[in-house]
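> The sequence and its predicted three-dimensional model are supplied below.
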Amino acid sequence: MSFDRSLKIAPSILSADFANFGQEIQAIEAQGADWVHVDVMDGHFVPNLTFGPPAVKAFRPHVKTFMDVHLMIAPVDPYIEAYAEAGADMITAHVEAGPHIHRTIQAIKATGKMAGVSLNPGTPLESIEHVLDLVDMVLIMTVNPGFGGQKFIHSGVEKTRRLRQMIGDRPIHIQIDGGVTTETAPLVAKAGADVLVAGSAVFKGGSVDRAEVYGKNIRALKSAVSAVL
Ligand SMILES: O=C(CO)[C@@H](O)[C@H](O)COP(=O)(O)O
Ligand SMILES: [Fe+2]
């Protein structure tokens, strides 16, 4: 399959209705979500707890697009196989989560899944320079990981621009995660990102006519970006 450089919106189901994940996933996909982003948190690497492999396995039949699993756990290596078996399409691990990111990426690739590497806002790009050729995606965090609904950290825009230069034409996605709104999405898309995670910006205002509201929110993000590209 050829590399897809077009802009993709990946709603984070951390902001979905936790009592109705199946319906929430179906609603965002019907309304233009390109990927589904699943935030896995362990109460240790980040101060929050979310989804174990059985939860991810339960999401799988509902996801018709692409399930992007963002692991915010340490250690990460012992759990890679379980998340692969649960049905992730892409598994992303944090460079800060252990001393051996090269080994972690190899372990993800060994499962046959796509591999991503993620950087916290305070972590320099140099920390992933030597693994770039092994990964399918770099995730730049634009909030400190752990929660949805936080404010975008603007140093991520320049970081994205520099990462785009480092990557050049190589088939590696640049994903931005945290505080993506109609104001910040154009900044990172212009800087070179092609996958934008959005939790609160997609699921906000969805108590009545949920799917319609999600559709409006997704289209607002896409049109904010297309206005600057
Ligand atoms: O990984 C994380 C947080 O750690 C994210 O995926 C958030 O869930 C994004 O939420 P918003 O900032 O878009 O509300
Ligand atoms: Fe995330």
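Cool, the structure landed. Computed from a predicted structure; not experimentally measured. Ligands and ions are numbered 1, 2, ... in the order given.
> Only C-alpha atoms from now on, for both contacts and neighbour counts.
Will do.
> Tell me the helices and strands packed up against the longest helix seen in the chain.
Ranked by residue count, the top helix of the chain under DSSP state H comes out as helix 210-226. On a contact count with 3 or more CA pairs under 8 Å, 6 or more residues apart in numbering; DSSP states H and E, helix 210-226 meets helix 21-30, helix 185-191, helix 200-203.
> chain center to that helix: distance?
Taking CA atoms, centre = their mean, to the nearest Å, one finds the center of helix 210-226 at 17 Å from the center of the full chain.
> do it and ligand 1 meet at all?
No. Contact of helix 210-226 with ligand 1 (CA under 6 Å from any ligand atom) is absent, the minimum separation being 11.6 Å.
> Tell me which residues are up against stretch 123-143.
92, 95, 102, 105-106, 114-121, 150-156, 159-160, 163, 167, 171-179 (CA atoms under 8 Å, 6 or more residues apart in numbering).
> From the residues you listed, keep the buried residues only.
The neighbour count (16 or more other CA atoms under 10 Å) marks 92, 95, 102, 105, 114-121, 152-153, 156, 159-160, 163, 167, 172-179 as buried among those.
> Those also near ligand 1: which ones?
With the criterion set as CA under 6 Å from any ligand atom, the members of these near ligand 1 are 177, 178, 179.
> Serialize these to a markdown table and add fields for pLDDT and secondary structure.
As requested, those are exported to a markdown table (pLDDT from 0 to 100; DSSP: H, G, I helix; E, B strand; the rest coil):
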| residue | pLDDT | secondary structure |
| --- | --- | --- |
| 177 | 99 | strand |
| 178 | 99 | coil |
| 179 | 98 | coil |
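> does residue 117 sit in a helix or strand, and which one?
Element membership of residue 117 [criterion: DSSP states H and E] is strand 114-119.
> what do you get for residue 55?
Assessed by DSSP H and E, residue 55 sits inside helix 53-59.
> Quick check: buried residues in that helix?
Residues 53, 56, 57, 59 are the ones in helix 53-59 that count as buried (16+ other CA under 10 Å).
> Likewise for stretch 200-213?
For stretch 200-213, the neighbour count (16+ other CA under 10 Å) marks 200, 201, 202, 203, 210, 211, 213 as buried.
> Averaged pLDDT, that stretch. What do you get?
Across stretch 200-213, pLDDT averages out at 91.
> Now do that stretch: distance to the chain's middle.
20 Å.
> Same question for stretch 189-199.
Distance of stretch 189-199 from the chain centroid (CA atoms, centre = their mean) equals 10 Å.
> Residue 194 - how many residues pack around it?
Neighbours of residue 194 under the rule other CA atoms under 10 Å: 19.
> any idea how far ligand 1 is from it?
Taking CA to the nearest ligand atom, to the nearest Å as the measure, residue 194 falls 15 Å from ligand 1.
> what's the answer for residue 9, then?
Distance, residue 9 to ligand 1, using CA to the nearest ligand atom: 11 Å.
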